[in-house]
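**Student:** Using only what follows, build the 3D model:
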Amino acid sequence: MSVEPTPRRRRLGAELRRIRESLHWTQEEAASRLGYQSLSTVSKIEKGVQGLKIQQLPHFFEVYQIDDPALREELRNLVRRAGEADWWQRYEGVVDDPLGDYLSLVESASSLFVFNPVAIHGLLQTPEYARAVTEGSRAWKTPEDIDRFVAMRQEHQKNMLERDPALKIWAVLPEGLLRQEVGGKAVMRAQIEHLIGLARTDPNITIQVLPYRAGAHAGMDGHFMLMSFPTGRDLVCIESIRALLHLNEPDTVEVYRTTSDMLKSDALSQKASVPLLTTIAKDLA
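**Tutor:** I've put the predicted structure just below:
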């Protein structure tokens, strides 16, 4: 029976697809091993348009050779909560796919590495900077839509920065990004001071500045986010205006992991970044 492809059902399907592909099985072979008459059943489950019952999972665990207790519990949780309303559904009209999928992924991640030469990551933004970015980068129908989107972003930030266990965030910020006067000098200076405060006081947040003098660097191909999860798998997320690209092939993820390591090496240490951030804030006075 077809069901709504909620973010949790899509995550469940994506995880089962990842496991199937790691076994080097086609959908047809997986269907045969699971006892389904057609590969379309496996295809629908992986797309999130066919649900699973909790009673079916032991069979999947056995056939897919899923022995990791943490992964088993994660899959059980996705099945149990597949139809639950997410908090962001209150913001219908400003949170659509693929943003809902992104919010769901971040909530289940254990750590994020973020590199974006265009904008400071949303979890590190002040409300004023967030509004300036929102107004400048999207086409909105009404001012109320802007208010609701900014409110949603701030609620998401609060949830993630206060959650237990803590979400670890590692951000490499190009110097040019920090000198871009988003929202004007006062807004940008407050944003820089906010970053300084996070770097000094939050043990779960690491901020490094990539200075001008670094020249060409490992992030020249563009922005990306590397997500890690409690079960040990990593996922690369590349976001654009109308699309969200998820990359989970091991070889591809390894390329981005190497890129993140090189960016960390190219950038100033967090201790050395704070004085540069302080200088930039003074320059914006």
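**Student:** strands paired with the lowest-mean-pLDDT helix or strand in the chain, and their directions?
**Tutor:** Sorting the helices and strands of the chain by mean pLDDT, DSSP states H and E puts strand 244-247 at the bottom, at a mean of 79. In the sheet, strand 244-247 lines up against strand 234-239 (antiparallel) (DSSP bridges).
**Student:** Mind listing residues that contact the partner strand?
**Tutor:** 102, 105, 222-229, 244-248, 252-253, 256-257 (C-beta atoms under 8 Å, 6 or more residues apart in numbering). Glycine gets a C-beta too; all of them are placed from N, C-alpha and C.
**Student:** In that strand, which residues are buried?
**Tutor:** Asp234, Leu235, Val236, Cys237 (16 or more other C-beta atoms under 10 Å).
**Student:** Distance to Arg11 added to the residues you listed, as TSV?
**Tutor:** TSV is the format used below for the buried residues of strand 234-239 (distance: C-beta to C-beta, whole Å):
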residue	distance to Arg11
Asp234	15
Leu235	10
Val236	15
Cys237	13
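**Student:** Can I get the least confident helix or strand of the chain as PDB, trimmed to CA atoms?
**Tutor:** Provided in PDB are the C-alpha atoms of strand 244-247 (Å, rounded to 0.1, in the frame of the first residue of the first chain):
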ATOM      1  CA  LEU A 244      19.700  18.900  -2.400                       C
ATOM      2  CA  LEU A 245      22.200  16.400  -3.500                       C
ATOM      3  CA  HIS A 246      23.100  13.500  -1.200                       C
ATOM      4  CA  LEU A 247      26.300  11.500  -1.900                       C
END
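**Student:** Check which element follows that strand along the chain.
**Tutor:** Counting by DSSP states H and E, the next helix or strand C-terminal to strand 244-247 is helix 250-266.
**Student:** Let me know the angle separating that next one from strand 234-239.
**Tutor:** Angle of helix 250-266 versus strand 234-239, following axes from the mean of the first three to the mean of the last three C-alpha atoms, to 10 degrees, is 80 degrees.
**Student:** just to revisit the earlier point, from the chain's centre, how far out does the least confident helix or strand of the chain sit?
**Tutor:** Chain-centre distance of strand 244-247: 10 Å, with C-alpha atoms, centre = their mean, to the nearest Å.
**Student:** wait, which of the buried residues of strand 234-239 is closest to Lys141?
**Tutor:** Nearest to Lys141 among the buried residues of strand 234-239 is Cys237, at 26.8 Å by C-beta to C-beta.
**Student:** Now do the helices in the chain.
**Tutor:** Remark: helices assigned in the chain by DSSP state H are 7-22, 27-34, 39-47, 57-63, 69-80, 99-108, 127-137, 143-161, 175-179, 185-201, 250-266, 270-283.
**Student:** tell me the domain ranges of this protein?
**Tutor:** 7-80, 87-283 (automatic domain parsing).
**Student:** wouldn't Arg17 be in contact with Gly48 here?
**Tutor:** No. Arg17 is beyond contact range of Gly48, at 10.3 Å (criterion: C-beta atoms under 8 Å).
**Student:** picking up where we left off before, would you turn the buried residues of strand 234-239 into TSV with pLDDT and distance to Leu198?
**Tutor:** TSV is the format used below for the buried residues of strand 234-239 (pLDDT from 0 to 100; distance: C-beta to C-beta, whole Å):
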residue	pLDDT	distance to Leu198
Asp234	89	24
Leu235	90	24
Val236	94	24
Cys237	90	21
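**Student:** Give the residue spans of the stretch 101-250 of the chain that score low on pLDDT.
**Tutor:** Within the stretch 101-250 of the chain, the stretches with pLDDT under 70 are 232, 240-243.
**Student:** can you list the helices of the chain in JSON lines and add mean neighbour count and distance to Val114?
**Tutor:** Listed next are those as JSON lines, based on neighbours: other C-beta atoms under 10 Å; distance: least, C-beta to C-beta, whole Å:
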{"stretch": "helix 7-22", "mean neighbour count": "20", "distance to Val114": "20"}
{"stretch": "helix 27-34", "mean neighbour count": "17", "distance to Val114": "34"}
{"stretch": "helix 39-47", "mean neighbour count": "18", "distance to Val114": "28"}
{"stretch": "helix 57-63", "mean neighbour count": "15", "distance to Val114": "33"}
{"stretch": "helix 69-80", "mean neighbour count": "16", "distance to Val114": "23"}
{"stretch": "helix 99-108", "mean neighbour count": "19", "distance to Val114": "11"}
{"stretch": "helix 127-137", "mean neighbour count": "17", "distance to Val114": "14"}
{"stretch": "helix 143-161", "mean neighbour count": "16", "distance to Val114": "12"}
{"stretch": "helix 175-179", "mean neighbour count": "17", "distance to Val114": "12"}
{"stretch": "helix 185-201", "mean neighbour count": "17", "distance to Val114": "13"}
{"stretch": "helix 250-266", "mean neighbour count": "15", "distance to Val114": "9"}
{"stretch": "helix 270-283", "mean neighbour count": "15", "distance to Val114": "14"}
